[in-house]
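**Student:** sharing a sequence plus its predicted fold:
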Amino acid sequence: MKATCWIAPRHMEVRDVPDPTILNHQDCIVKVTSTAICGSDLHLYNGFLPMMEPGDIMGHEFMGEVVEVGPDVKKVAVGDRVVVPFPIACGACGACKAKAYSLCENSNPNAWIAEKMLGHSPSGIFGYSHLTGGFAGGQAEYARVPFADVGPLKVPENLSDEQVLFLSDILPTGYMGAEMCGIKPGDTVAVWGCGPVGQFAIASAYLLGAEKVIGIDRFPYRLQMASEKAGAVTVNYEEVDSVPDVLKDLTAGRGPDHCIDAVGAEGHTHGVQYLHDRAKQMMRMQTDRPIALREAIMSCANGGTVSVIGVYTGLIDKFPMNAVMNRSLTIKTGQCHCQRYMQPLLDRIQRGEIDPTFVITHRLPLADAPRGYDIFNKKLDNCEKVVLKAA
Amino acid sequence: MAASTETGVESSTRTDRGAGTALGQKARPRQEATAPYQRLADEDRGTGGESLSDFLGYFSIGLGLAEVLAPTAIARLIGVKHPNDRNRTLLRLLGLREISSGVAILSNQQPKKSVMSRVAGDALDLALLGATLANSENDRGRTLFATANVLAVTALDVMASKTLARQPETVANEQMDEGIIRTKRSITVGRPVDDVYSFWHDFQNLPRFMRHLESVQMTGNGRSHWVAKAPAGKTVEWDAETTDDRINELIAWRSLPGSKVYNAGEVRFARAPGDRGTELRVTLEYDPPFGKFGSKVAMLWREEPGQQVADDLRHFKQVMETGEIVLSDATKRRGPRPAQPDNKPVEL
């Protein structure tokens, strides 16, 4: 089959590789129809996440048709059309029983490495480095999916691939980012980053009852999308002196009640702070640039919530803990517990409450995946979200 | 557990099965002693002195190999402009000395003496560099640079030998000199104590999650026959006896005296708080092949003793909770490989 392989930083190739096979009794094999490139794939693309091997198959957002099932699979059958969530979860451990699927205790075969780097291990993730298990990803013609009865969600035929594909990651991730805020009527929410996850966080904050949602980015086309499609008030941080000051103005001094960091490790800003962080990152004195996170903390209203859904990959520097502690802020974080949100969000899509297709700007054949990475990484051609058609 | 509650050195001649566990007794006719002290309970939990000395051990081997294999390049590096056969032979001899002190450091649980031999070697190196410096034909800049480097390493050597000298000379340390590895690990399994105890109690289940075991057969009378995988497709076999067995509480076993392989283990079961299932605590004691040096070499391929037990326990949890060991394309066989399907069979 054809599969998108990581070769080296900023070097992807679509290669011919052997087809996947059933390795565990609860596996299924999915013939991929649509798959997408995620912002977090760019951390791998740019070489910020360690533990990649040349030849690793990328991709954790995919869907398709079940073509083979293992002997212990009961709910999913050959022929089913499914969306696959990015965290691999066994459904049987303590974390899964508590519906914290991205913390599954059994699905990361490389948990021993993750424990050394993170203290404890999160779940396995498709196509997302050996730190999360060394699972081949879904930017390919076929993918092996462990725990087929726990992850894959059957989707109705009347919905198109594009309407349901993002249930695999970015829609539930944006939704969880907003849900973690505990939004009450009248609340103002600020969202750093108007990439696809940021767009869905904005839309979800409104769904959950926010009065006003503010989107912060530097690309006019992304801010325009946030404003026109998701209904945000927008701030271009390159055009203002201080984002926290603008947010104070927009909230008459209170600050946003909740702040969502949908940027993560590769934040940008203008001026000295960016150069300082970038220099430290290049010298490996820190791996991540926590610029959005710092701003979110400093901007957040007293007693508010800072919700972190942007991905961090290592260590950060200059973390304003005094603001967090002295102003009673709550920090909530996590890789999305996707399995928990897929069915309710599918219901919302069917009821027409949200149409996730608005983030798609590029549709490419799987063979063009390397070009997709390049334009998404460089934000060329007003790129917001790349969907790859595998079949 | 025995290891964490006993704080002193205590000679043990317990023979009653009820009071002690396999680990409290000695299977081999070695010095009678219980292993005291947490510091030594976990072989892989090194002290600062050990990790510095380990570094110096590897450094010695690396430098020694360079001296033996490329004496001309090394001679030029330290400022000898026209290395002759005598220089090369001398460097090769120095290289052999480096390698032997490196091996001595790594293969010894009390590397103090070996590190002190490095200090003596440093003195010899410095004397020879002094002689090189005296010859005006040579590149003085390079020789001075090399001398500065040797002085820096000498400082590290002295530091390491001082740190190691602070370690108590316990009986367990002497036991470690004999190469016995003792390791403790624990895990929580989301199943009732009954289930977990029963599964473990049937030793024939152990190879389902201990990847180094090929089979275990119960042979009656509390005895069992163990077959473990060894390098190059070979196997190692031994007989063991169950030395203690308390329902839903603990199981202990050890190899029979006279076995080719020394191996003793104890697993304790306790109800985890709330509905979290069972807390499992395992202590294993065994002879690694080729002693401590063998285990250090094995560590380069992730075969660190504590790590192996940790892997086994994680696999145990997977088997108990999901029915089997969870595999990925990159981990279905050993060694680095891409996350990509291949047609090779699973080999854990």
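**Tutor:** Perfect, thanks for sending it.

**Student:** going forward, measure contacts and count neighbours with C-alpha atoms only.
**Tutor:** Fine.

**Student:** count the residues that sit near the residue nearest to residue B:203 when sequence neighbours are not counted.
**Tutor:** Excluding its sequence neighbours, the residue lying closest to residue B:203 (CA to CA, 6 or more residues apart in numbering or on different chains) is residue B:216, at 6.1 Å. Residue B:216 is flanked by 21 other residues according to other CA atoms under 10 Å in any protein chain shown.

**Student:** residue B:94 too?
**Tutor:** Neighbour count for residue B:94, taken as other CA under 10 Å: 19.

**Student:** list the buried residues for the strand or helix carrying it?
**Tutor:** Using DSSP states H and E, residue B:94 sits in helix B:85-106. Within helix B:85-106, the residues that qualify as buried are B:88, B:91-92, B:94-106, counting by 16 or more other CA atoms under 10 Å in any protein chain shown.

**Student:** elements contacting the helix or strand that it is followed by?
**Tutor:** Later in the chain than helix B:85-106, the nearest helix or strand by DSSP H and E is helix B:112-134. Secondary-structure packing of helix B:112-134 (3 or more CA pairs under 8 Å, 6 or more residues apart in numbering or on different chains; DSSP states H and E): helix B:85-106, helix B:140-165.

**Student:** the closest residue in space to residue A:333 that isn't next to it in sequence and chain B, how far apart?
**Tutor:** Nearest residue to residue A:333, sequence neighbours excluded (CA to CA, 6+ apart): residue A:308, at 4.7 Å. For residue A:308, the distance to chain B (CA to the nearest CA, to the nearest Å) stands at 28 Å.

**Student:** related to what we said a few turns ago, between helix B:112-134 and the helix holding residue B:94, find me the angle.
**Tutor:** Helix B:85-106 runs at 160 degrees relative to helix B:112-134, counting by axes from the mean of the first three to the mean of the last three CA atoms, to 10 degrees.

**Student:** for helix B:85-106, name the packing helices and strands.
**Tutor:** Short answer (3+ CA pairs under 8 Å, 6+ apart): helix B:85-106 packs on helix B:48-69, helix B:71-77, helix B:112-134, helix B:291-299.

**Student:** which element is residue A:178 on?
**Tutor:** Assigned by DSSP H and E, residue A:178 belongs to helix A:170-179.

**Student:** next one: that helix to chain centre, how far?
**Tutor:** Its chain's C-alpha centre lies 9 Å from the corresponding centre of helix A:170-179 when counted by CA atoms, centre = their mean, to the nearest Å.

**Student:** who touches that helix?
**Tutor:** Under the contact criterion CA atoms under 8 Å, 6 or more residues apart in numbering or on different chains, helix A:170-179 has outside partners A:38, A:166, A:196-202, A:204-205, A:208, A:260, A:307-309, A:333, A:335-336, A:338, A:341-342, A:345, A:356.

**Student:** go through those residues and flag which are in strands.
**Tutor:** Those of the contacts of helix A:170-179 mapping onto strands are A:260, A:307-308, A:333, per DSSP state E.

**Student:** buried residues in the helix holding residue A:178?
**Tutor:** In helix A:170-179, counting by 16+ other CA under 10 Å, buried: A:170-179.

**Student:** out of those residues, which two sit at the greatest distance?
**Tutor:** The most widely separated members of the buried residues of helix A:170-179, counting by CA to CA, are A:170 and A:179 (13.9 Å).

**Student:** find the residue closest to residue B:97 in space, skipping its chain neighbours.
**Tutor:** Spatial nearest neighbour of residue B:97, chain neighbours left out: residue B:64 (7.3 Å); criterion: CA to CA, 6+ apart.

**Student:** pull the number of nearby residues for that neighbour.
**Tutor:** Residue B:64: 25 surrounding residues under other CA under 10 Å.

**Student:** and residue B:206, by the same measure?
**Tutor:** 19.

**Student:** residue A:50 too?
**Tutor:** The burial count for residue A:50: 13, using other CA under 10 Å.

**Student:** sec struct for it, please.
**Tutor:** Recorded secondary structure, residue A:50: coil (DSSP: H, G, I helix; E, B strand; the rest coil).

**Student:** report the secondary structure state of the nearest residue to residue A:111 once chain neighbours are set aside.
**Tutor:** Closest residue in space to residue A:111, ignoring its immediate chain neighbours: residue A:121 at 5.2 Å, by CA to CA, 6+ apart. Here residue A:121 is recorded as coil under three-state DSSP.

**Student:** residues contacting residue A:121?
**Tutor:** Contacts for residue A:121 (CA under 8 Å, 6+ apart) come out as A:103, A:105, A:108, A:111-112, A:114-115.

**Student:** try residue B:83
**Tutor:** B:72, B:75-76 are the contacts of residue B:83 under CA under 8 Å, 6+ apart.

**Student:** one more pass at 10 Å, please.
**Tutor:** B:71-76, B:138 (CA atoms under 10 Å, 6 or more residues apart in numbering or on different chains).

**Student:** tell me how far residue A:175 lies from residue A:337.
**Tutor:** Distance, residue A:175 to residue A:337, using CA to CA, to the nearest Å: 11 Å.

**Student:** and which of the buried residues of helix B:85-106 is nearest to residue B:142?
**Tutor:** The closest of the buried residues of helix B:85-106, once distances to residue B:142 are taken by CA to CA, is residue B:91, at 16.4 Å.

**Student:** gap between that closest one and residue A:174?
**Tutor:** Residue B:91 is 65 Å from residue A:174, by CA to CA.

**Student:** just want the most central residue of chain A.
**Tutor:** Nearest to the mean C-alpha position of chain A, by CA atoms, centre = their mean, lies residue A:170 at 4.9 Å.

**Student:** okay, that residue: pLDDT?
**Tutor:** pLDDT, residue A:170: 98.

**Student:** where does chain A dip in pLDDT?
**Tutor:** A:269-271, A:281-288 (pLDDT under 70).

**Student:** could you list the domains of it?
**Tutor:** A:2-169+A:336-389, A:171-333 (automatic domain parsing).

**Student:** hmm, back to that, and the residue nearest to residue B:203, that's in a helix?
**Tutor:** No: remark: residue B:216 does not belong to a helix; assigned using three-state DSSP, it is strand.

**Student:** can you pull the contacts of it?
**Tutor:** Counting by CA under 10 Å, 6+ apart, residue B:216 has contacts B:202-207, B:224-228, B:237-240.

**Student:** what residues does the stretch 101-250 of chain B have near chain A?
**Tutor:** Proximity of the stretch 101-250 of chain B to chain A (CA under 10 Å from any CA of the partner chain) is limited to residues B:188-191.

**Student:** top of those by neighbour count?
**Tutor:** Most neighbours among these, by other CA under 10 Å: residue B:189, with 26 neighbours.

**Student:** looking at the stretch 151-300 of chain B, which residue is nearest chain A?
**Tutor:** Chain A sits closest to residue B:190 of the stretch 151-300 of chain B, with a gap of 6.2 Å, by CA to the nearest CA.

**Student:** what pLDDT does that residue get?
**Tutor:** The model reports residue B:190 with a pLDDT of 97.

**Student:** contacts only, for it.
**Tutor:** By CA under 10 Å, 6+ apart, the residues touching residue B:190 are A:92-94, B:196, B:272, B:275-279, B:317-318, B:320-321.

**Student:** and residue A:100, by the same measure?
**Tutor:** So residue A:100 contacts A:89, A:91, A:93-94, A:123, A:334-340 (CA under 10 Å, 6+ apart).

**Student:** neighbour count and distance to chain B for those - can I get that in a markdown table?
**Tutor:** Formatted as a markdown table, these follow (neighbours: other CA atoms under 10 Å in any protein chain shown; distance: CA to the nearest CA, whole Å):
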| residue | neighbour count | distance to chain B |
| --- | --- | --- |
| A:89 | 32 | 10 |
| A:91 | 24 | 8 |
| A:93 | 26 | 6 |
| A:94 | 23 | 7 |
| A:123 | 28 | 12 |
| A:334 | 18 | 22 |
| A:335 | 21 | 20 |
| A:336 | 26 | 21 |
| A:337 | 24 | 19 |
| A:338 | 28 | 20 |
| A:339 | 28 | 18 |
| A:340 | 18 | 19 |
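
**Student:** turn those residues into TSV, including distance to residue A:75.
**Tutor:** Formatted as TSV, the contacts of residue A:100 follow (distance: CA to CA, whole Å):
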residue	distance to residue A:75
A:89	15
A:91	13
A:93	19
A:94	21
A:123	22
A:334	28
A:335	26
A:336	23
A:337	20
A:338	18
A:339	15
A:340	17
